[in-house]
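Q: just coords:
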Ligand SMILES: Nc1ncnc2c1ncn2[C@@H]1O[C@H](COP(=O)(O)OP(=O)(O)O)[C@@H](O)[C@H]1O
Ligand SMILES: [Mg+2]
């Protein structure tokens, strides 16, 4: 990645020392991962086939997501990347195939149930509360953890007040981490695209995910914004040990940060492996050259 490496290391060191300590504390209190069932896959999709009428969006696609990794799913437009993410996270129901998460079969579960299990995602088209501020959008991501009910909050029990302060502190922690301090009070709808993408990442993080699914988090960004986003994704993966699935149309961007890459083309998985191998794979090169 470009930029002054020394400066960047310093910044990262600072982030290591205080970054997300409150969130990390919350996540460490949660029950740990289920014992591994023979293999290391946290998430496994097997033989997924999905069609829309005559259009075959996915054909017998296998993919697994392992502990600690950044997995990129790449491929030309219309290859089926978003569809695969939608099947995994319960937004689409595949005609064939099974999905397992933390050793448990989740095929056919509704998206909100799957989210409660700790699978959190962002969308290709940003989904935020546009009329709310940045901080309120991130606090909204804390909803599963807010213990007091609305009425109690209104009557203003002291403990409800304390709880709100705690949730606000966690949200502030995320805002610092994603370098959103300068827009904390801004209404989301007024922000530039790249910043809104960052807020959406913040909200997903607020949910204390076991795995993060990001659908083109860098699309439509300029180079600086892409580099920032790449750094945030790497740091989230490292600091919080959250596996990340990253959909990206641009092959160059993911080569730097992905541990493993899955390549889709016309609904088929045409390659899988470490970046060096994918870069040289003739089928991958052909899929990209053949585009547009
Ligand atoms: N809800 C839908 N209804 C009909 N066709 C769809 C729907 N979602 C995706 N498709 C089609 O499925 C194919 C794969 O789309 P998508 O998964 O969005 O690709 P990608 O994210 O790789 O660009 C495309 O041909 C697209 O038009
Ligand atoms: Mg897509």
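A: Sure thing, it's come through. Computed from a predicted model, the values in this text were never measured in an experiment. Residues are numbered from 1 along each chain as shown. Ligands and ions are numbered 1, 2, ... in the order given.
Q: show me which residues of this structure sit near ligand 1.
A: Counting by CB under 6 Å from any ligand atom, the chain comes close to ligand 1 at 52, 55, 57, 75, 77-83. C-betas here are computed from N, CA, C, even on glycine.
Q: which residue does the stretch 101-250 of the chain have closest to ligand 2?
A: Taking CB to the ion as the measure, the point where the stretch 101-250 of the chain comes nearest ligand 2 is residue 124, at 4.9 Å.
Q: correct me, but that residue touches residue 83?
A: No. Residue 124 is beyond contact range of residue 83, at 11.1 Å (criterion: CB atoms under 8 Å).
Q: of these two, which one has the most company?
A: Here residue 124 and residue 83 are compared on neighbour count by other CB atoms under 10 Å; more neighbours surround residue 83, at 22 against 15.
Q: which element is that one on?
A: Secondary structure here is read from DSSP states H and E; on that basis residue 83 sits in helix 81-88.
Q: and the next element down the chain from that helix?
A: Secondary structure here is assigned by DSSP H and E; on that basis, the next helix or strand after helix 81-88 toward the C-terminus is strand 96-101.
Q: rewinding a little: on the three-state scheme, the residue of the stretch 101-250 of the chain closest to ligand 2 is what?
A: When the structure is reduced to helix, strand and coil (DSSP: H, G, I helix; E, B strand; the rest coil), residue 124 reads as coil.
Q: residue 45 now?
A: When the rule is three-state DSSP, residue 45 gets the label strand.
Q: pLDDT score assigned to it?
A: The predicted structure scores residue 45 at 97 on the pLDDT scale.
Q: same thing with residue 192?
A: Looking at residue 192, its pLDDT stands at 91.
Q: give me the low-pLDDT residue ranges for the stretch 101-250 of the chain?
A: Judged by pLDDT under 70, the stretch 101-250 of the chain has its weakly predicted residues at 147-160.
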